[in-house]
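J.: Any chance you could fold what I've pasted below:
(one chain, ligands or ions: 1)
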Amino acid sequence: MLNAIEISPKVWWVGGLDWSERHFHGYTTERGITYNAYLIMDETITLIDTAKSTFTDEFVQRISQVVDPAKIELVVTNHVEMDHSGSLPAIHRLAPNARIVASAPAGVNEIRAHYGIEAEGVKTGDSICIGERTLHFVQTPMVHWPDNMVTWCPEDGILFSNDAFGQHFATTKRFDDENDLCEVYKQAKKYYANIVWPYGAQVQKAMAALAGLDIRLIAPSHGVIWRSHIPEILEKYQAWSTYQTEEKAVVVFDSMWHSTEMMAREICDAFIKEGVTAQLIDVKHTHISDIMLYLCDARYVACGSPTLNSNMMPPMASFLTYLRGLSPKNDQRIGIAFGSYGWAPLGPKQVYAEMENMKFNMACPVIAQQWIPSEEQLSELQATVAKIVEDARA
Ligand SMILES: Cc1cc2nc3c(=O)[nH]c(=O)nc-3n(C[C@H](O)[C@H](O)[C@H](O)COP(=O)(O)O)c2cc1C
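T.: Have a look, this model is predicted:
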């Protein structure tokens, strides 16, 4: 087992390493997950967050390497979702007199609803002196639950950011600069796109509340701790939370007999020809949470489905349902809906309606192709995409 790690003098990483988890509420976690918690060995021994309940034993063992868990006097619950609070009842049993604080009122209510435990509420501006250090609380509601908050420790310059700046990444190396940085950024982006994306305005508020702090470590509740690339990850959150797009196109399709696939390939090639970075994605072979990674900063999104029994294909419907939940309601992204049909173009029309409903800026009417597209029809598709790009750049 990986031992507890001192990430800053008297501040220890404890928590759980989940090497094998591959699906986390509908999101593929190909690199596993960490449930980070932090133990501060000050006059008041303090625990920041806990771990998923299935990791209670390993989490308590890690704490025990540093201190007897019965000596914990304060538990800060930044977020009650069970991957962070599942071991709270165990800590409450081991240290029954420890104060438990959570965001007021949502965090307090959620702890009561989940565990029947009474916590103390804290709000933005509240602080608790734990000896040499004073912990300051900043509520960050809806980044991504109503109870979210972060805890700031100015003496160490540590921001205990909970889900913000996290990544699903199980690794024994606890710091950003000890890992393959491309992988860390990829997992941070996948996390943002699948969990935080709808809450840009709330992220902006949280970033404003944290502006000006001399942050030396960002210690999230998932993944690695940021120490060498703090400005970079803040910059990325700034871009993601303001929905900045890049000159990129994502072409997502499903197809039974390859007609819609031919159209998808033509659309993709047309973007490439226009100098737009393009990604072709067969929705039945790519997990929806991976598609989000490509999609969240793409300016152009083209979705195509043939008609199957008067409907779009179920994998496309699943992807669009997922996207609808995550999709911010803005019209910065340009949409194209397309697909083939035999006798009634309902599949492509449904795709168009879904995208319009999500407030995509639809660049053209639905492109519905009866049966197999001819060379001439494919050339027309090329010309349509070229015009869309030209208009977008104008
Ligand atoms: C099982 C099945 C059901 C279909 N149902 C419909 C339908 O309800 N309406 C329609 O217009 N075409 C229907 N089609 C025809 C397809 O939409 C048509 O063959 C189309 O060109 C397929 O596009 P693809 O090559 O991208 O799969 C159906 C085809 C299959 C195989």
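J.: Excluding residues flanking it in the chain, which one is nearest the closest residue to the ligand within the stretch 1-150 of the chain?
T.: In the stretch 1-150 of the chain, no residue comes nearer to the ligand than residue 28, which is 25.8 Å away by Cβ to the nearest ligand atom. In this view, the C-beta of every residue, glycine as well, is placed from N, C-alpha and C. Taking Cβ to Cβ, 6 or more residues apart in numbering, and ignoring the residues beside it in sequence, residue 28 has residue 287 as its nearest neighbour in space, at 4.7 Å.
J.: same thing with residue 29?
T.: Distances taken as Cβ to Cβ, 6+ apart put residue 168 closest to residue 29, at 4.3 Å, once the chain neighbours are dropped.
J.: The one you found against residue 192, yeah?
T.: No. The pair formed by residue 168 and residue 192 falls short of the contact definition of Cβ atoms under 8 Å, at 11.2 Å.
J.: for the residue nearest to residue 29, phi and psi?
T.: Note on residue 168: backbone dihedrals following degrees, to the nearest 10 are phi -90, psi 100.
J.: Any regions of the stretch 51-200 of the chain where pLDDT drops low?
T.: Confidence mapping of the stretch 51-200 of the chain against pLDDT under 70 gives zero matching residues.
J.: ok, residue 65 - contacts?
T.: If a contact means Cβ atoms under 8 Å, 6 or more residues apart in numbering, then residue 65 has 3, 4 as its contacts.
J.: For it, which three-state class applies?
T.: Applying DSSP: H, G, I helix; E, B strand; the rest coil to residue 65 yields a three-state assignment of helix.
J.: again, but for residue 291
T.: Reducing the assignment to helix, strand or coil with three-state DSSP, the entry for residue 291 is helix.
J.: Please identify the helix or strand for the residue lying closest to it once chain neighbours are set aside.
T.: Nearest residue to residue 291 in three dimensions, chain neighbours excluded: residue 281, at 5.7 Å (Cβ to Cβ, 6+ apart). Of the helices and strands defined by DSSP states H and E, residue 281 is found in strand 277-282.
J.: Near the residue of the stretch 51-200 of the chain found nearest the ligand, how many other residues are there?
T.: Per Cβ to the nearest ligand atom, the residue of the stretch 51-200 of the chain with the smallest distance to the ligand is residue 193, at 27.3 Å. Summarising burial for residue 193: neighbours were counted as other Cβ atoms under 10 Å, giving 21.
J.: now swap in the one 5 residues further on and tell me
T.: For residue 198, the tally of surrounding residues (other Cβ under 10 Å) stands at 15.
J.: List, one by one, the residues from the stretch 151-300 of the chain near the ligand.
T.: Taking Cβ under 6 Å from any ligand atom as the criterion, the neighbours of the ligand within the stretch 151-300 of the chain are 255, 256, 257, 258, 259, 260.
J.: Kindly confirm my reading that residue 266 is in a helix.
T.: Yes. In this structure, residue 266 lies within a helix as judged by three-state DSSP.
J.: looking at it, it is touching residue 378, isn't it?
T.: Yes. Counting by Cβ under 8 Å, residue 266 sits close enough to residue 378 to count as a contact (4.7 Å).
J.: Same drill for the two, tell me which one is more crowded.
T.: Just comparing residue 266 and residue 378: by other Cβ under 10 Å the higher neighbour count belongs to residue 266, 21 against 18.
J.: And the more buried one, how close does it get to residue 70?
T.: With distances taken as Cβ to Cβ, to the nearest Å, residue 266 is found 67 Å from residue 70.
J.: try residue 47
T.: 12 Å.
J.: One more: residue 194?
T.: Plainly put, residue 194 is 38 Å away from residue 70 if you go by Cβ to Cβ.
J.: Tell me which of these two has more neighbours.
T.: Neighbour tally, residue 194 and residue 70, criterion other Cβ under 10 Å: the higher count belongs to residue 194, 24 against 14.
J.: Quick one: residues contacting that one.
T.: 27, 289, 292, 293, 326.
J.: The same query, at a cut-off of 6 Å, please.
T.: Shown here is residue 194, whose contacts under the criterion Cβ atoms under 6 Å, 6 or more residues apart in numbering are 27, 289, 292.
J.: Including pLDDT, could the residues you listed go into a markdown table?
T.: Converted to a markdown table, the contacts of residue 194 look like this (pLDDT from 0 to 100):
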| residue | pLDDT |
| --- | --- |
| 27 | 93 |
| 289 | 97 |
| 292 | 96 |
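J.: I'd assumed residue 51 was in contact with residue 15.
T.: Yes. Using Cβ atoms under 6 Å, residue 15 is in contact with residue 51, at 5.0 Å.
J.: what sits in contact with each of these two?
T.: Shared contacts of residue 15 and residue 51, defined by Cβ under 6 Å, 6+ apart, are found at 35, 37, 59.
J.: hang on, the last one packs against residue 88?
T.: Yep, that's residue 59 we're talking about. No. The pair formed by residue 59 and residue 88 falls short of the contact definition of Cβ under 6 Å, at 10.7 Å.
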